[in-house]
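# Predicted coordinates and the sequence they were generated for:
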Amino acid sequence: MKIFRGLVLVLAACAAAPAFADAPFLDGFFPIGVWVPPPYDYAKWQGRGINTINEIAYDEAGSIAMADSLGLHMMRAPQANPADDANETLLLSWAHPDEPDGIYSQVPYATIQSEYATWKSIAPDRPVFINFVGDLNQYDIVTNESGDAWYEKYVAGADWISADKYPVNDGEANNLGLLGQMADHLHTLAGDAGA
């Protein structure tokens, strides 16, 4: 389990960090991403220094083709037939739906684990990414299960984990240490593998 350090609009992973030693395709590459832009804006974002598209919500085939044509990396859900991604050299990772722990966006952890097993059976070396609600304080809307033990069941369905938090937007600009606390919490959830 590797912690993917970052925020929603700017994703950053240090390829030199030991956490990415098992991801040689990141050697010398520092992902800086944008979350779910429409494909007609990819070039605009690239001009702003973005090199990675995170998630696709519009015209999957056209979005992938546009990212490929511009040389933009991707972190996204697999294509309908995941085997079709076999030759996607710019695909950094497959991604689960955003914030599957969220009250309004919840995907059961059993589904996350099942998708992970299926994807890994198709491409064992391709990392799988998951992003949580930043406070890591959600609960199961069916069973009311919560806490770290519940989150660890989600973490079992990914290789790279992250969470999004917006301290400035949330009126907590004087407490940017919240981001470090969130990263520490992610390390706890990842256990020994989160180094």
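Received it, and whenever you're ready, just let me know what you need.
# what pLDDT does residue 168 get?
For residue 168, the pLDDT comes out at 79.
# and what of residue 22?
Confidence score, pLDDT, at residue 22: 55.
# Now residue 167: closest residue in space that isn't a chain neighbour?
In this structure, residue 167 finds its nearest non-sequential neighbour in residue 178, 5.1 Å apart by C-beta to C-beta, 6 or more residues apart in numbering. For every residue, glycine as well, the C-beta is placed using N, CA and C.
# helix or strand for the one you found, which one?
helix 177-190 (DSSP states H and E).
# got it, and residue 154?
Counting by DSSP H and E, residue 154 is found in helix 147-155.
# by how many degrees do the next helix or strand after that helix and helix 177-190 diverge?
Once helix 147-155 ends, the next helix or strand along the chain (criterion: DSSP H and E) is strand 160-164. Strand 160-164 and helix 177-190 are oriented at 150 degrees to each other (axes from the mean of the first three to the mean of the last three C-alpha atoms, to 10 degrees).
# Output the contacting helices and strands for strand 160-164.
The contact analysis (3 or more C-beta pairs under 8 Å, 6 or more residues apart in numbering; DSSP states H and E) places strand 160-164 against strand 2-3, strand 128-133, helix 177-190.
# Ok, which of these comes nearest residue 106?
Shortest distance between residue 106 and the helices and strands packed on strand 160-164, using C-beta to C-beta, is found for strand 128-133: 10.0 Å.
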